[in-house]
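**Student:** Here is a sequence together with a model predicted from it:
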Amino acid sequence: MATSSFSAAGTFVLKNARVPVSALGQIGGAVVQRDIAVVDGIVTAIEPSIDITMGGTAYDCGDGLVLPAFVDIHTHLDKGHIWPRKENPDGTWLGALLAVQDDRTSMWAAEDVERRFDFALRCAYAHGTAAIRTHLDSAPPQHEISWTLFEKMRDKWAGRIELQAVSIVGPDTLVNPAELDAVAQQVKASGGILGGSVGVFDRSKEAMLRVVEKAGELGLDLDLHTDETGDPAAHALLHLAEAVIETGFTDKVMAGHCCVLTVQDEATVKTTIDTVVKAGIAIVSLPMCNMYLQDRDNVGRVRTPIRRGVTLLNEFKAAGATVTIASDNTRDPFYAYGDLDGMEVFREGARILHFDHPQAEAWDWLRAITATPAAHGKFAYKGTISVGAPADFVITGARAWSELLSRPQTDRVVIRAGMPIDTTLPDYRELDDLMGSTP
């Protein structure tokens with residue numbers, strides 16, 4: 001499909017498009033043939049066949065799949081693209097944590113963070129993402145730099161990518177009333193979401209109670225990193241769910257990673273999942289990053305990892321939990337790769353999480369990176385293709401599941417508000433001066 005021939009007015013009909021019903025806001029794994037009419041950038045009709053009577057041009061999709069623009073609900077834009085200057089020394093989670101701490105302390109002035117942040121957003125936009133939630137390292141004094149910058153970037157990118165931010169601090173901050181309040185007040189002032197990271201921590205239940213109570217006090221939603229570890233002694237997710245229930249917290253709560261469930265006994269897993277569902281907590285799996293980091297703890301000898309730490313997303317969904325998938329880190333010590341590409345996340349998620357079978361239901365998982373995170377995050381963008389909504393699509397030449405997931409779809413056409421955008425990715429060389437050297 002030649003993007004150069006699209007009407008400048010954003011008025012056209014996509015003919016012979018294949019659309020998953022999950023992209024139309026419905027539950028299910030079916031794919032249907034539809035024509036999609038767009039007038040002045042707004043979807044005006046979705047029908048089996050539409051006559052060309054409203055002006056504009058008809059474009060034949062040739063049975064190609066048309067998907068909604070993506071929603072990436074767990075990223076780290078402030079860390080992104082520091083890998084060339086700060087690699088992970090051993091590939092472990094602790095190695096990543098210490099490397100980022102060192103880089104943050106010495107390098108994260110406002111200009112440095114802004115340029116990497118903007119670079120990452122340009123990548124996501126070109127790939128077809130319409131909404132992003134990023135975690136921001138918020139241990140004082142970094143919270144003052146990063147949150148002020150976030151507000152600037154949220155305004156700058158309005159109309160292209162809808163941005164949200166979450167604080168991330170360690171468990172020691174969550175149990176320190178003064179530090180927690182300082183971070184929470186900054187989050188409140190910036191219109192953000194309160195969060196933190198807890199794994200194995202002897203005051204885990206207290207940490208979760210404190211952060212839930214603080215969110216309730218200030219009227220904030222919550223988004224926590226929980227149990228990003230292979231140590232079965234971690235129970236932060238269970239403690240978070242218990243804290244939500246015990247306090248009567250009713251705002252939105254999301255938990256990410258939840259890796260430890262893959263190494264815990266069946267009874268513990270069942271109790272945790274059941275309590276999460278009762279508490280109404282949404283789960284976000286970060287399949288690529290977790291596969292990269294988990295089970296690398298035996299430093300000093302070459303060993304193929306066995307326990308990959310990707311959480312039990314199928315079991316959460318079967319139990320009735322809200323489930324999503326997302327990018328997580330990109331080209332930093334926590335994940336050396338990635339490009340904030342929702343198509344890649346969906347493709348790798350299917351392979352890693354095994355949500356590709358039964359095939360009759362597989363397309364329903366598209367909602368995990370479109371409509372479901374959009375609804376949980378209360379984004380203005382809804383992550384669906386619907387009448388009355390802006391025409392925000394990703395158009396592919398792939399006609400079926402296997403075709404879509406077998407190639408990276410680099411020839412995709414991204415439509416935003418009815419107009420094709422430039423999908424040229426920014427050149428890594430733009431950041432060379434920030435890295436101190438070239439590769």
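**Tutor:** That came in fine, so what should we check first?
**Student:** low-scoring pLDDT stretches of this protein, where are they?
**Tutor:** Of all residues in the chain, those with pLDDT under 70 make up the ranges 1-8, 53-55, 298-301, 438-439.
**Student:** Could you report the neighbour count for residue 378?
**Tutor:** Using other Cβ atoms under 10 Å, residue 378 has 9 neighbouring residues. C-beta: built from backbone N, CA, C; applies to glycine.
**Student:** My guess is it contacts residue 252. True?
**Tutor:** Yes: Residue 378 lies in contact with residue 252 (Cβ atoms under 8 Å); the separation is 7.1 Å.
**Student:** Mutual contacts of these two, please.
**Tutor:** residue 221 (Cβ atoms under 8 Å, 6 or more residues apart in numbering).
**Student:** Specify the local secondary structure of residue 244.
**Tutor:** Secondary structure assignment for residue 244 (DSSP: H, G, I helix; E, B strand; the rest coil): helix.
**Student:** Now do the same contact list for it.
**Tutor:** Counting by Cβ under 8 Å, 6+ apart, residue 244 touches 212, 253, 279-281.
**Student:** would a markdown table of the residues you listed with secondary structure be doable?
**Tutor:** Formatted as a markdown table, these follow (three-state DSSP):
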| residue | secondary structure |
| --- | --- |
| 212 | helix |
| 253 | strand |
| 279 | helix |
| 280 | coil |
| 281 | coil |
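**Student:** quick one: which two of those residues are the most distant?
**Tutor:** Pairwise distances across the contacts of residue 244 peak at 12.5 Å for 212 and 280 (criterion: Cβ to Cβ).
**Student:** quick one: which of those two has more around it?
**Tutor:** Shown here are residue 212 and residue 280; by other Cβ under 10 Å, residue 212 has more neighbours (27 against 17).
**Student:** Spit out the contact partners of the nearest residue to the more buried one once chain neighbours are set aside.
**Tutor:** Leaving out its chain neighbours, the residue that sits closest to residue 212 by Cβ to Cβ, 6 or more residues apart in numbering is residue 243, at 4.4 Å. Taking Cβ under 8 Å, 6+ apart as the criterion, residue 243 is in contact with 205, 208-209, 211-212, 249.
**Student:** and the closest residue to residue 218 other than its chain neighbours, what element?
**Tutor:** Distances taken as Cβ to Cβ, 6+ apart put residue 188 closest to residue 218, at 4.9 Å, once the chain neighbours are dropped. Using DSSP states H and E, residue 188 sits within helix 177-189.
**Student:** Identify the residues contacting that helix?
**Tutor:** Under Cβ under 8 Å, 6+ apart, the answer for helix 177-189 is 138, 140, 143-144, 147, 165-167, 169, 173-174, 192-194, 210-211, 214-215, 218-220.
**Student:** What subset of those is buried?
**Tutor:** Applying 16 or more other Cβ atoms under 10 Å to the contacts of helix 177-189, the neighbour count classes 138, 143, 147, 165-167, 169, 173-174, 192-194, 210-211, 214-215, 220 as buried.
**Student:** distance of residue 13 from residue 391?
**Tutor:** Counting by Cβ to Cβ, to the nearest Å, the separation of residue 13 from residue 391 is 11 Å.
**Student:** Pull up the overlap in contacts between those two.
**Tutor:** Counting by Cβ under 8 Å, 6+ apart, the contacts common to residue 13 and residue 391 are 36, 38.
**Student:** Can you list phi and psi of the nearest residue to residue 152 once chain neighbours are set aside for me?
**Tutor:** Distances taken as Cβ to Cβ, 6+ apart put residue 114 closest to residue 152, at 7.4 Å, once the chain neighbours are dropped. The phi/psi pair for residue 114 (degrees, to the nearest 10) reads phi -60, psi -40.
**Student:** Number of residues surrounding residue 114?
**Tutor:** If we define neighbours as other Cβ under 10 Å, then residue 114 has 18 of them.
**Student:** and it, what does it touch?
**Tutor:** 149, 152-153.
**Student:** Let me see the domain layout of the protein.
**Tutor:** According to automatic domain parsing, the chain comprises the domains 3-69+383-420, 70-376.
**Student:** closest to residue 432 out of those?
**Tutor:** Here domain 70-376 is closest among the domains of the chain (Cβ to Cβ), at 8.0 Å.
**Student:** and that closest one, how far out from the chain's middle?
**Tutor:** Per Cα atoms, centre = their mean, to the nearest Å, the displacement of domain 70-376 from the mean C-alpha position of its chain is 8 Å.
**Student:** Figure out the helix or strand that residue 362 lives in.
**Tutor:** Applying DSSP H and E, one finds residue 362 within helix 359-362.
**Student:** Now the helix or strand just after that helix - C-alpha only, PDB.
**Tutor:** Once the chain leaves helix 359-362, the next helix or strand it forms, by DSSP H and E, is helix 371-376. What follows is helix 371-376, C-alpha atoms only, in PDB (Å, rounded to 0.1, in the frame of the first residue of the first chain):
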ATOM      1  CA  ALA A 371      -7.500  -2.400  24.700                       C
ATOM      2  CA  THR A 372      -6.800  -4.000  28.000                       C
ATOM      3  CA  PRO A 373      -3.900  -1.800  29.100                       C
ATOM      4  CA  ALA A 374      -5.700   1.200  27.600                       C
ATOM      5  CA  ALA A 375      -8.700   0.500  29.800                       C
ATOM      6  CA  HIS A 376      -6.700  -0.300  33.000                       C
END
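**Student:** Could you list the buried residues of helix 371-376?
**Tutor:** For helix 371-376, a neighbour-count test (16+ other Cβ under 10 Å) marks 371-376 as buried.
**Student:** just curious, which of the residues you listed is nearest to residue 68?
**Tutor:** Nearest to residue 68 among the buried residues of helix 371-376: residue 371, at 7.2 Å, using Cβ to Cβ.
**Student:** so residue 255, which of the three states?
**Tutor:** Assignment for residue 255 (three-state DSSP): strand.
**Student:** number of nearby residues for it?
**Tutor:** Residues lying near residue 255 (other Cβ under 10 Å) number 26.
**Student:** ok, now which ones touch the nearest residue to it once chain neighbours are set aside?
**Tutor:** Computed as Cβ to Cβ, 6+ apart, the closest residue to residue 255 that is not its neighbour in sequence is residue 226, at 4.6 Å. Contact partners of residue 226, counting by Cβ under 8 Å, 6+ apart, are 197-199, 236-237, 240, 255-258.
**Student:** let's go with 7 Å and repeat that
**Tutor:** 198, 236-237, 240, 255-258 (Cβ atoms under 7 Å, 6 or more residues apart in numbering).
**Student:** and stretch 193-203, C-alpha only, in PDB?
**Tutor:** C-alpha atoms of stretch 193-203 as PDB (Å, rounded to 0.1, in the frame of the first residue of the first chain):
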ATOM      1  CA  ILE A 193       1.000   6.900  39.600                       C
ATOM      2  CA  LEU A 194       2.600   5.700  42.800                       C
ATOM      3  CA  GLY A 195       4.900   2.700  42.600                       C
ATOM      4  CA  GLY A 196       8.000   0.900  43.800                       C
ATOM      5  CA  SER A 197       9.800  -2.400  43.600                       C
ATOM      6  CA  VAL A 198       9.700  -5.200  46.200                       C
ATOM      7  CA  GLY A 199      11.200  -8.700  45.900                       C
ATOM      8  CA  VAL A 200      12.800 -10.600  48.800                       C
ATOM      9  CA  PHE A 201      12.400  -8.100  51.700                       C
ATOM     10  CA  ASP A 202      11.900  -9.000  55.300                       C
ATOM     11  CA  ARG A 203       9.400  -6.100  55.700                       C
END
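**Student:** That concludes my questions; thank you for your assistance.
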